[in-house]
Structure formats: C-alpha cells, structure tokens
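Undergrad: This is a predicted model, with the sequence first.
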2 protein chains.
Amino acid sequence: MENLNRLRKVLKRQKIDALLVTQPENRRYLSGYSATDSSISESSGVLLIPLGGAPFLLTDSRFELHAGAEAKNFEIVLYPKGLLNLLRRLLPRLGVKRLGFESRYMLHAGALKLTELTSKLGIECVPLIGLIEKMRVRKDKEERDKIEKSVLLNEEVFQEIFATLAEGQTEREVAMRIENAMLLKGAERPSFETIVAGGPNGAAPHAVPGTRPLRQGEPIVIDMGLILDGYCSDMTRTVVLGTPDQKTVDLFRVVRRAQLAATATIRAGVTGKEADRAARDVISDAGLGDKFGHGLGHGVGLAVHEAPSLNRRNAKKLQTGMIVTVEPGIYLPGWGGIRLENMGVVEDDCCRILNRDRTFLDI
Amino acid sequence: MENLNRLRKVLKRQKIDALLVTQPENRRYLSGYSATDSSISESSGVLLIPLGGAPFLLTDSRFELHAGAEAKNFEIVLYPKGLLNLLRRLLPRLGVKRLGFESRYMLHAGALKLTELTSKLGIECVPLIGLIEKMRVRKDKEERDKIEKSVLLNEEVFQEIFATLAEGQTEREVAMRIENAMLLKGAERPSFETIVAGGPNGAAPHAVPGTRPLRQGEPIVIDMGLILDGYCSDMTRTVVLGTPDQKTVDLFRVVRRAQLAATATIRAGVTGKEADRAARDVISDAGLGDKFGHGLGHGVGLAVHEAPSLNRRNAKKLQTGMIVTVEPGIYLPGWGGIRLENMGVVEDDCCRILNRDRTFLDI
C-alpha cells in the first residue's frame, strides 16, 4: 500500500484522476500480483488506480484465482468482452476526467483504440512515461535485501553447476542444468535465458546455448540470473576447463581490471557515462576499445534490465539505493569472449558489491 | 525470399516505400533470423524492407554474428547509437517517402518518436496492422509439415513424462522434466510456460506450476508445447493417477464430447464463432456453460497464439490451411479443471487433427 500511496501523490500533482498500469513489473510493484505476460499482446491483467477509493485489477477468467490470492487490496474485475468494453462502463462510473496510461507499455494500436474510446466518453487520455519506473529505481531496505538473496541463490546455483562442468557437456545441457537448479532451489524462474557460450560462441554477447560441447582450455562465458520473491539477479563468469592459455589470461586480466576500475568509480553523484568510461578506458588502453561493444551495465530490480543505464550516453547521476550491474567484456569474433558481471548497490560513497563468488581465473 | 516477394506486392498496392518489421515472428518469417526479443523494449533487431533493393536487418553488436549467420539475404547494419539515429541516415538515402510500421508491435512511446523523426525528414509514417500476420495465417505445405513435426515431438515428450508420473512429484518438478525433455529432444524452447496443475490448481486455466505434489485420483491438467524449427505445438491432456472418481469421469466425458463436436464442425467456411458454439453447446447442455470461461481455440504457427480466434466473437470464416487448437475445458473453483487440447489443420471439408496421442481417461 505504501507504493500505492506514493504513486497517488504523483498522480495528484499531475492532475491524473486514474492511471492504467499495463507494465507487468509495475503491476507487481503496486499490487503484489505476480503473473507475467507471455507477450505485450497477451496481458494477464491491468491495474486501474483511481486517485481515491479501492484500486482495481482488471483481468480475465483465466487469472481470476491467482489475482484474488495475491492482490489483496485490489478489487478484481473480469473483462469477458475485453478491456475496452469494461473501461467503457467503469471509467464514467468512477468519474474519471483525465486517464493516464503507460506510453512505454501500450502498443501504438492499443493506444489508438483507448484514445478513441476515451474521447467518446469525454475523457482526456494522457500518455505517461516512467512514472512508476522512477519510483522503482532506488531500492528500499526490503528490496535490497530481496535482491541480495536473489544474488546469493544465483551464486549457489552457479557454484553447484561449476563444480560439475566437464569437457563434452553441451552448452545447452549446462544451461538446462543451471535453470533446473534455480527452480529446485526455489527461484520463480530464470530472470533471462541463461547463456553458456564456449570458445568462439562467446564472441556474441547474447549467445544462445547450442549443441557445441565444452572443450578444455577455451573460455566459457556463463551469464545467468534468477527471480526470487519477484527480484532479479544477474551474474556472468568466464571460466576455463583445465589451463587457460596466455591470451585468455591476458584478456581476462584486462576485463577484471576494467570491472574493478568501474566498481571503484561508482557511487552516488557519478554519472552512468563516467562509470562506463572508467571501465572502457582500461579496455581501450589495452588496444581493445572496439571489442567492448555494449554498455557497462544496467539497473536490476523487479526487472532484470531497468534504469539506470551505465553506458556512453547516460549523463544522469547515480543515486544511493540504485542497484546496477558492472559487466565489461571483450569479444573477438572467431576466438570468443570474456565477460565478468557483478551487481552492486550504489551508496553515498561507494559501490557495495553484492556478489561473494570468487570464481575468477587464477591470475 | 518468396515471403518477401509476396510482402512487396502488398506494400506496392498500399503505396508503402519501405516497411519496418519489429514483430519477432514476422521478422523470422521474412528473414529466417531466429532471435527472440526478451521483451518489446529489448529488440534483437528490426527489418527494413524497401520496395526494391536488398532488405536490411538492423540490430546491435550483441546480435551481429547470429543475424549474419541466419538472415543470408539481408544486409546487416548495426545501430550503436540506437535505431532512430540509424534511420535518420538510412531512410533519406533510400529515398523513402512513405514508411510503414507495425502498429501492433511498436510501443506508443516508440511510435511517437519515430513519427517525430520521419516528419522532420519529410517522410510519411503509416501505422499498419496485421499485414504480415495475414500472410502467415494460412500455412503452406512446408509449414504444415513443420508444425506436424512439432506436434509429434511434443507428444513424444508428453508420453515419456506421462509414463513416469507418480504421486508425490511436485507440479514444478514435472513441468521442469517436461521442458528438459523438450530441449534434449531438439526443441528450440517451450512455446509457452508449461502448465502442470493438480487437483484444485487445475481450476485456473493458466495455473503456474507450484510446489503441490501430485495426488492419486485427482485430475492433473498438463498443457505443454514446444518450438521446433521455428514452429509451435500446443497440447493439453488431463490425466489421473490411479482411478478417477465418477465426477471426474463425467466431466471428462463432457469435455471430450465438446472437443469432438467442435472438431466435427470445423472446416473451411465455418466461422470461429460457430466452431466455438459447437463445443460450448455440449458443455451448456450439461449445465456447465458458465464453467467454460475461455474461447475454444486459437491459431498456431510461428507464434503459439495467432489468428484465427475460435471464440464467441469471431464471425470470420476459417480458411483452408489454417491450423487451430481445439481446447474446451471445464473449471470448478475449489475442485479443479479438465481441459483437452488438440491441434488441427482446417481443410476444405474437415478438420484434420495432427495429434496421434490417445492418452484419454479410459471411458
């Protein structure tokens, strides 16, 4: 309810009578309703938050039981004939004059239809951007604790699987065992599709695990995360079976130094750009600047990718309570990749790394 | 290339110089590029199809290798500074005057920004709905064969796991074993989150597998599908460990009769509504009409849910070559659910069911 009250203050300032919340993590943040959407066109429900009175969770019969069990403070209303048909009755009843909607989680076609409906009803339809996302960006104590638990469970899974890695196992098989272990240890689900990329496959930062078997001596990028009690973790390790060659060790050192440099830079008041620069400078100094094609990191919370971005463009200052990844990498087409990723809490005077895992190449 | 040529004819008729394709299955249909988007705000690439000349796949460095390997007929162009910055240069160079975009797979906020850009460039921006989806709705021979293979592999997985079901296994554990078997047998991934719902949990058509153990005698709803070579399958069986009680058998019979009635009704020229009605009448006659809250079925192809809808509202006629699910169900809160789902090809004079599995209650 606290999040709901904070939101209502924001709505009041913006003279919004009611807000439609379509974005799944925002929906969960406000209501506790944990359903996911299989895609943006297959919603498992929408919140309607009027300034006063009980908030609504609008959904269809498939989700009625789930919604009722979790969104305790919400009135559950079904839309057997679709959301718009329900809103046609509900909005006038609530006396809504200005209806906000989430411009970044409503399809262009859907927004057109909604606007058509509201204009018939004499209601002004107001596209809003990032209202709830902004509330989510600084994590309170309870959220930080949940994220830390998510990070630690993720590491537990990593360590369990790492101990059993062997030549000949396929990437896909390892990814599967990782995701199984997550579920068996109580995670809701992986926070993204687990990446296991051996040798040359590691050159694609978003490699899809395939049928290639792990081989001795080559770098294996493992990027994994899980959702525990709603909150995400995200960690990357690059490991080698047997002894890494000198090239691997050298590149690994560059990436690790870049990560440490960024970690030492991050604190409240530093910009996303400056954090990125700290890591990028180390990699550029090694003559590999063009092999680090992505940004340094991103925020993590209910979503595995959320604000703030740590990249070349973000000139906004980091704030205390944000939680970010620090994940520099080097990618050499034909050879492979090295990426290292930790998560840290932005504090007034430092970046407090949540990871405890020390599975680094022995260098 | 054939799909691309068909699309270009449609674009020409609509006087569109170039089309932006953002929807992942449409992207794959036209280019062969199989990457998925983790969400609509995290695209793994966008096609730009000019009327003449080479088509483009615009993406970022993370996906460069993957894109190049699969979208052989496309020119891969990276957007290190974002899609809009690339379009700002590319569209004028191609002489585009009318740019189409997919209104049902572009966020409201994104469409605003795109429109702002194009209007500066003197380009008209045209929202389009369902252009490529319409091309996809009737499956050609090659697609029908792929879908049949997907259905059969899905059944192989079901039968393997069904043979090992035992009291005490949790829903989640069974779902996990199903998804593992899919991957080990060569599926790309599950086509949706596998549902395993025992006893009362089965009353929610979209139940999420939990920690409840399977118990003797109660209905267990298993809804599962996989993606093989891009194409989806989707099947539901309701099974019982040990002997079902009379109520379960009676309800099962109603659902199965509803399914058979709908299957006998479906053919080219019948509307989605009529198909739905055939099943609904059987369930209503049993006095349970209000316990069948969802539609009868949906199209299946590159997406697990696509046109056509078989429900109370769709007055459009089915066409030869469509592939649909036939999945009536009965849901009793507190007790559980029964759902049976097959997939069939709409033919001129019948619905050819693709499923061979006969795991029905022995009635």
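TA: Cool, got the structure. The structure presented is a predicted model; accordingly, all values stated were derived computationally and were not measured. Numbers count the residues shown, from 1 in each chain, chains lettered A, B, ... in the order given.

Undergrad: In contact with A:Met106, which residues?
TA: Residues near A:Met106 by CB atoms under 8 Å, 6 or more residues apart in numbering or on different chains: A:20, A:22, A:114, A:127, B:107-108. Every residue, glycine included, has its C-beta placed from N, CA and C.

Undergrad: again with A:Leu165
TA: Taking CB under 8 Å, 6+ apart, one finds A:174, A:214, A:220, A:239, A:241 in contact with A:Leu165.

Undergrad: mind checking the SS state of it?
TA: Following DSSP: H, G, I helix; E, B strand; the rest coil, the label given to A:Leu165 is coil.

Undergrad: Name the nearest of the contacts of A:Leu165 relative to chain B.
TA: A:Val174 (11.4 Å; CB to the nearest CB).

Undergrad: what about the nearest residue to that closest one once chain neighbours are set aside, how many neighbours?
TA: Residue nearest to A:Val174 in three dimensions, not counting chain neighbours: A:Val196, with 4.6 Å by CB to CB, 6 or more residues apart in numbering or on different chains. Per other CB atoms under 10 Å in any protein chain shown, the neighbour tally for A:Val196 reads 29.

Undergrad: hey, what's A:Val196 bridged with?
TA: A:Ile222 (DSSP bridges).

Undergrad: Quick check: it vs B:His66, distance?
TA: In this view, A:Val196 and B:His66 are 15 Å apart by CB to CB, to the nearest Å.

Undergrad: on that earlier part again, ok, now how distant is the residue nearest to A:Val174 from A:Arg177?
TA: 9 Å.

Undergrad: Next, see if the strand or helix carrying A:Glu148 gets close to chain B.
TA: Here A:Glu148, judged by DSSP states H and E, is contained in helix A:141-162. No - judged by CB under 8 Å from any CB of the partner chain, helix A:141-162 and chain B are separated, with a smallest distance of 13.7 Å.

Undergrad: Can you name every helix or strand that the next helix or strand after that helix contacts?
TA: Per DSSP H and E, helix A:141-162 leads on to helix A:171-184 as the next helix or strand towards the C-terminus. With contacts taken as 3 or more CB pairs under 8 Å, 6 or more residues apart in numbering or on different chains; DSSP states H and E, helix A:171-184 sits against helix A:141-162, strand A:189-190, strand A:195-198, strand A:219-224, helix B:171-184.

Undergrad: can you tell which of those is closest to A:Ser34?
TA: Among the helices and strands packed on helix A:171-184, the nearest to A:Ser34 by CB to CB is strand A:189-190 (10.6 Å).

Undergrad: so how far is that closest one off the chain centroid?
TA: 12 Å (CA atoms, centre = their mean, to the nearest Å).

Undergrad: Tell me who's in contact with the most centrally placed residue in chain A.
TA: Centroid-nearest residue in chain A, with CA atoms, centre = their mean: A:Val304, separated by 1.3 Å. The contact partners of A:Val304, by CB under 8 Å, 6+ apart, come to A:191-192, A:225, A:227, A:232, A:234.

Undergrad: just the buried members of those?
TA: A:191-192, A:225, A:227, A:232, A:234 (16 or more other CB atoms under 10 Å in any protein chain shown).

Undergrad: Relative to chain B, which of the residues you listed is nearest.
TA: A:Phe192 (5.9 Å).

Undergrad: ok, whatever residue of the stretch 1-150 of chain A ends up closest to chain B to B:Gly329 distance?
TA: For the stretch 1-150 of chain A, the residue closest to chain B is A:Ser61, as judged by CB to the nearest CB, at 3.4 Å. With distances taken as CB to CB, A:Ser61 is found 11 Å from B:Gly329.

Undergrad: Give the residues shared as contacts by these two.
TA: With CB under 8 Å, 6+ apart, A:Ser61 and B:Gly329 have common neighbours B:205, B:294.

Undergrad: So if I had to pick from those two, which one is more boxed in?
TA: B:Gly329 (28 against 18).

Undergrad: which residue packs closest to the more buried one, ignoring adjacent ones?
TA: Using CB to CB, 6+ apart, the nearest residue to B:Gly329 is B:Arg339, at 3.5 Å.

Undergrad: same thing with A:Ala187?
TA: Nearest non-adjacent residue to A:Ala187 (CB to CB, 6+ apart): A:Leu226, at 3.8 Å.

Undergrad: ok, now how distant is that neighbour from chain B?
TA: As judged by CB to the nearest CB, to the nearest Å, A:Leu226 and chain B stand 14 Å apart.

Undergrad: surely that residue meets A:Glu193?
TA: No - contact criterion CB atoms under 8 Å: A:Leu226 and A:Glu193 do not qualify, at 11.9 Å.

Undergrad: With neighbour numbers in mind, choose between the two.
TA: A:Leu226 (30 against 16).

Undergrad: Please name the residues that touch that one.
TA: A:150, A:153-154, A:157, A:182, A:187-191, A:232-233.

Undergrad: gap between it and B:Ser44?
TA: 22 Å.

Undergrad: next one: A:Met343
TA: Distance from A:Met343 to B:Ser44, by CB to CB: 23 Å.

Undergrad: of those two, who's got more company?
TA: A:Met343 (27 against 20).

Undergrad: doesn't the more buried one fall inside a strand?
TA: Yes - assignment of A:Met343 by three-state DSSP places it within a strand.

Undergrad: hang on, it packs against A:Ile323?
TA: Yes - in this structure A:Met343 lies within contact range of A:Ile323 using CB under 8 Å: 6.1 Å.
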